[in-house]
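Peer 1: pasting the structure only:
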Ligand SMILES: Cc1ncc(C[n+]2csc(CCOP(=O)(O)OP(=O)(O)O)c2C)c(N)n1
Ligand code: SF4
Ligand code: SF4
Ligand code: SF4
Ligand SMILES: [Mg+2]
């Protein structure tokens, strides 16, 4: 029986983790994640879980210890944000290269300098190429659901890769929202017993993790790593199917919102998708065929499926809450790559919005949809990449 | 032997065979070869403990021959050997001589 | 019953670190690893920081390790093994594992004194049941002999080269063994492969304590020290006998010198065979050679006082 609660995104994720009850967790504070693992620490202190914590002295050590623990053989979690994720960067590649299914909520926050503790996607986008699976979440419910599903995806015997579950700092991590929890037992059964794969603690079969690989084989190892990523989409969909049976909530590779017959569309990640959907409804009422695509699985990116979903649109704006200075926004680059292979494709523009927690307002969505509407009617694109809601 | 393709690799580059370095013979690195003069040997086994390449065979606590498949000819054993009455039990000779 | 600490008995044990590794001929590090692993009869799982030992002991499908071993990166052998040890504790608590296992991390001086100091300090403070072994060869050898905070005063390295104006390294070494002891860990010690029995006794003693232990072991490197391939043991002995590398242990805060040289030799005797100190024997650098001796004497006197007062 599901239980309806009013909780923050951090609390929801902490509870998902509690219900899974992993063997080891790394804990280190950073705003806005801090309160998630703080809650987890209190679960440990109060005997609600049997997890052993490692109260590390840095995120670099957190990921290093998580890698050690996962290689030893067991279920491992940690969580971070921003500078913490940046400090882990070196180790993120090692977790995926060693094929260790560590599960990590990332509470998205801007990167310094200047110092800013608020939500944007620069942190996780910076970790785009680390070989981790990335799943993005619009609200507390999705953060909770994705965290639970992440274990099944990462630990799948064909996959064995680490997973980041991304949720927006403060906007989701700290806002109270009405959502549903599954029963502890339901989560436990859904996730299942951890299956070991090449554990270091198997003393009968000593293994060496982390060899030096020279030019003769490194290229092959990376090719093999890519191959694993190609299998992720199917596993994500299978796990989503099982999850729907359990929860009644449907998940895919991305969410299509009123896209079927849309002329214009927004592509947008996480919490801002919620605000945008309301504005899209208004446009629909006015007779404008507007829709939205909200990616869920960002790594691996579902190029073919996204192209299929957007192919009949006339104009699309890809909204990025992160920047690649001197380049287009990271999400824009994915969508352009996805659409390039179509014979006929929509006109694409890119807006950078909400950096460092700058509010994303319905009026911003309106502005963009109006611009798209003009373009769809044959108007010219004035500028491809533009900053939304920035003062002159 | 055909070099491995990407489909043949162990997941995560984990080395599954413990101690597989024994298949890599380092004896060819040697410029000098140790020779054991058993008559001067007092079986102290210092050569065994000090050898960085585990190249001195010992059986039932008794020193045997050098393992020339791996010995790199560093000469540590020869330098550390006390031998008998000031006569060393190990001598280094140039390879190929 | 633990294996007797005699070479005869020890030689009957199986090597846990095999030949076929690719360290330079005459390197001190493999001998240290061999001794550390021979000293205990417990199952051991090891972590290794990036460095000479790591890159030469596990390449492609060739590993010299017969025990479970993990290398992840350069600065984090302590954090990595702390994760392995925590998983072990978690599974043991849950009844999923029953064996007693010992955990050891190996790191070079660069990976320990410098880039890995934070991760080591963190692991020591957290109290993991582990032994950290630093094989100290006094420079970043794997990348080509760069200065570390363990590089001795006066030494010539590729980043503090002995030039016409600057005669090599002008700073004294960091005293890492004491820094580790200051973490109030149950056991910290210094050892040398020349004194194999002392070294192995210390490893054995370290494993008797539950909690974090640290050992700093002098590791001659004929490449970086510019000496001969046969002198690793001889040089480490000279290091001990000159009190450049005193053998001592700090057990629950109490310092004990485990070997006092009968005749303390001049540190120049240790330095002379090493090309990295060659320039110090030129008349212009006499002052620096003198300073090296003064520093060694000062540290040795301090250590003796510390041992005398039982603190
Ligand atoms: C973060 C990082 N910085 C630098 C390096 C390059 N690096 C690899 S090994 C090494 C030197 C290791 O020195 P040390 O720890 O003293 O071990 P040694 O090689 O002397 O045995 C360096 C600088 C690295 N691998 N990772
Ligand atoms: S060190 Fe010399 S005397 Fe001792 S066992 Fe070896 S060969 Fe014999
Ligand atoms: S020469 Fe070196 S490698 Fe060869 S047996 Fe003697 S100590 Fe070992
Ligand atoms: S460079 Fe020095 S430390 Fe490295 S393997 Fe060679 S002798 Fe050993
Ligand atoms: Mg070094």
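Peer 2: It's in. Just so it is clear, the model here is predicted, and its values are computed rather than measured. Residues are numbered from 1 along each chain as shown, chains lettered A, B, ... in the order given. Ligands and ions are numbered 1, 2, ... in the order given.
Peer 1: Reduced to three states, what does the closest residue to residue A:365 other than its chain neighbours come out as?
Peer 2: Nearest residue to residue A:365, sequence neighbours excluded (C-beta to C-beta, 6 or more residues apart in numbering or on different chains): residue A:279, at 3.8 Å. For glycine as for every other residue, the C-beta is placed from the backbone atoms N, C-alpha and C. Look at residue A:279: counting by DSSP: H, G, I helix; E, B strand; the rest coil, its state is helix.
Peer 1: Wait, residue A:279 touches residue A:367, no?
Peer 2: No - using C-beta atoms under 8 Å, residue A:279 is not in contact with residue A:367, being 9.7 Å away.
Peer 1: Who has more neighbours out of the two?
Peer 2: residue A:279 (21 against 16; other C-beta atoms under 10 Å in any protein chain shown).
Peer 1: Could you report the distance from the residue nearest to residue A:365 to residue A:19?
Peer 2: When C-beta to C-beta, to the nearest Å is the yardstick, residue A:279 and residue A:19 sit 35 Å from each other.
Peer 1: Now do the same contact list for the closest residue to residue B:92 other than its chain neighbours.
Peer 2: Nearest residue to residue B:92 in three dimensions, chain neighbours excluded: residue B:32, at 4.4 Å (C-beta to C-beta, 6+ apart). Applying C-beta atoms under 8 Å, 6 or more residues apart in numbering or on different chains to residue B:32 gives the contacts B:73, B:75, B:92, B:93, B:94, B:95.
Peer 1: Tell me the backbone dihedrals of residue C:63, please.
Peer 2: With angles defined as degrees, to the nearest 10, residue C:63 sits at phi -120, psi 140.
Peer 1: try residue C:195
Peer 2: phi -100, psi 70.
Peer 1: burial of it, as a residue count?
Peer 2: Counted with other C-beta under 10 Å, the neighbours of residue C:195 add up to 19.
Peer 1: how near is it to chain A?
Peer 2: Note on residue C:195: its distance to chain A, by C-beta to the nearest C-beta, to the nearest Å, is 29 Å.
Peer 1: quick one: that residue and residue C:247 touch, right?
Peer 2: Yes - applying C-beta under 8 Å, one finds residue C:195 in contact with residue C:247, separated by 6.1 Å.
Peer 1: Could you name every residue contacting both of those two?
Peer 2: C:240, C:259.
Peer 1: Which positions in chain B make contact with chain A?
Peer 2: Neighbours of chain A within chain B, by C-beta under 8 Å from any C-beta of the partner chain: B:3-7, B:9, B:11-16, B:18.
Peer 1: Separate out the buried members of those.
Peer 2: Buried subset of these (neighbour count, 16 or more other C-beta atoms under 10 Å in any protein chain shown): B:9, B:12, B:13, B:14, B:15, B:18.
Peer 1: Let me have those in TSV, extended by secondary structure.
Peer 2: Listed next are these as TSV, based on three-state DSSP:
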residue	secondary structure
B:9	coil
B:12	helix
B:13	helix
B:14	coil
B:15	strand
B:18	coil
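Peer 1: Which residue, other than its chain neighbours, is closest to residue C:30?
Peer 2: Counting by C-beta to C-beta, 6+ apart, the residue nearest residue C:30 is residue B:52, at 4.2 Å.
Peer 1: Please report the distance of the one you found from ligand 2.
Peer 2: In this view, residue B:52 and ligand 2 are 14 Å apart by C-beta to the nearest ligand atom, to the nearest Å.
Peer 1: Check residue A:28 too.
Peer 2: 51 Å.
Peer 1: And for residue A:105?
Peer 2: If you go by C-beta to the nearest ligand atom, the gap between residue A:105 and ligand 2 works out to 59 Å.
Peer 1: repeat for residue A:281
Peer 2: Counting by C-beta to the nearest ligand atom, the gap from residue A:281 to ligand 2 is 87 Å.
Peer 1: got the contact list for the nearest residue to that residue once chain neighbours are set aside?
Peer 2: Spatially, and ignoring its direct neighbours in sequence, residue A:281 is nearest to residue A:258 (7.9 Å; C-beta to C-beta, 6+ apart). Contacts for residue A:258 (C-beta under 8 Å, 6+ apart) come out as A:280, A:281, A:284, A:290, A:291, A:292.
Peer 1: which of those residues count as buried?
Peer 2: Among the contacts of residue A:258, those classed as buried by 16+ other C-beta under 10 Å are A:280, A:290, A:291, A:292.
Peer 1: Could I get the contacting residues of the second one?
Peer 2: By that I understand residue A:290. By C-beta under 8 Å, 6+ apart, the neighbours of residue A:290 are A:258, A:262, A:263, A:264, A:265, A:266, A:280, A:283, A:284, A:369, A:372.
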